[in-house]
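A.B. asks: can you look at this prediction? I've put the sequence above it.
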Amino acid sequence: MFNNPYKTMIYVADVEAEKNFWSKMGFIIVKEDIILEFPTFEMKISPDSQTSFVVYSTAFIEQYSPELLGNQPNLLFFTHNIEMVYQLVKTVSPAVSDLNELPYKNFSFESPNRQFYTVREEESY
């Protein structure tokens, strides 16, 4: 099923400005990356926090998941068995996206209250 902890996604026009802002607020930048030519970073309130926030460029979201814009925050769930979760969610959600391969295996779904959520395959380290 779903794995814990979860990550909250935040969409911003200027990723670097956002990173600087949250760093000044005391958040710890735990990962920085470029995904399909768009910058992103992950932050936590403390090193031992179970929850983190992943900041993506709105331009990235506009290109790859435009239905998510305007639905802030968008919770990002992780799973080791995305195909099973995908099939389950399709039986209970009023709207489920295709299972995408890029930039990582993922899909989005809508709750009955029209909130969108994303499920992403857990990366193995």
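C.D. replies: Sure thing, it's come through. Numbers count the residues shown, from 1 in each chain.
A.B. asks: name the residue most distant from the centre of the protein?
C.D. replies: Here the centre of the chain is the reference, and by C-alpha atoms, centre = their mean the most remote residue is Lys24, at 22.6 Å.
A.B. asks: quick check: the gap between it and Met43.
C.D. replies: Taking C-beta to C-beta, to the nearest Å as the measure, Lys24 and Met43 are separated by 12 Å. Yep, even glycine has a C-beta here, placed from its N, CA and C like the rest.
A.B. asks: tell me if I'm right that Val85 and Arg120 touch.
C.D. replies: No - applying C-beta atoms under 8 Å, one finds Val85 not in contact with Arg120, separated by 10.2 Å.
A.B. asks: once you drop chain neighbours, what's closest to Val15?
C.D. replies: Excluding the flanking residues, the one nearest Val15 by C-beta to C-beta, 6 or more residues apart in numbering is Pro39, at 4.5 Å.
A.B. asks: so what does the longest strand seen in the chain touch, helix or strand wise?
C.D. replies: Once the chain is assigned using DSSP state E, the strand that runs over the most residues is strand 2-12. The contact analysis (3 or more C-beta pairs under 8 Å, 6 or more residues apart in numbering; DSSP states H and E) places strand 2-12 against strand 52-57, helix 58-64, strand 74-79.
A.B. asks: mean neighbour count, distance to Tyr104 and mean pLDDT for the ones you listed - can I get that in JSON lines?
C.D. replies: Converted to JSON lines, the helices and strands packed on strand 2-12 look like this (neighbours: other C-beta atoms under 10 Å; distance: least, C-beta to C-beta, whole Å; pLDDT from 0 to 100):
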{"stretch": "strand 52-57", "mean neighbour count": "20", "distance to Tyr104": "12", "mean pLDDT": "92"}
{"stretch": "helix 58-64", "mean neighbour count": "15", "distance to Tyr104": "11", "mean pLDDT": "94"}
{"stretch": "strand 74-79", "mean neighbour count": "19", "distance to Tyr104": "10", "mean pLDDT": "82"}
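A.B. asks: which one of those lies nearest to Val30?
C.D. replies: The closest of the helices and strands packed on strand 2-12 to Val30 is strand 52-57. By C-beta to C-beta, the value is 6.5 Å.
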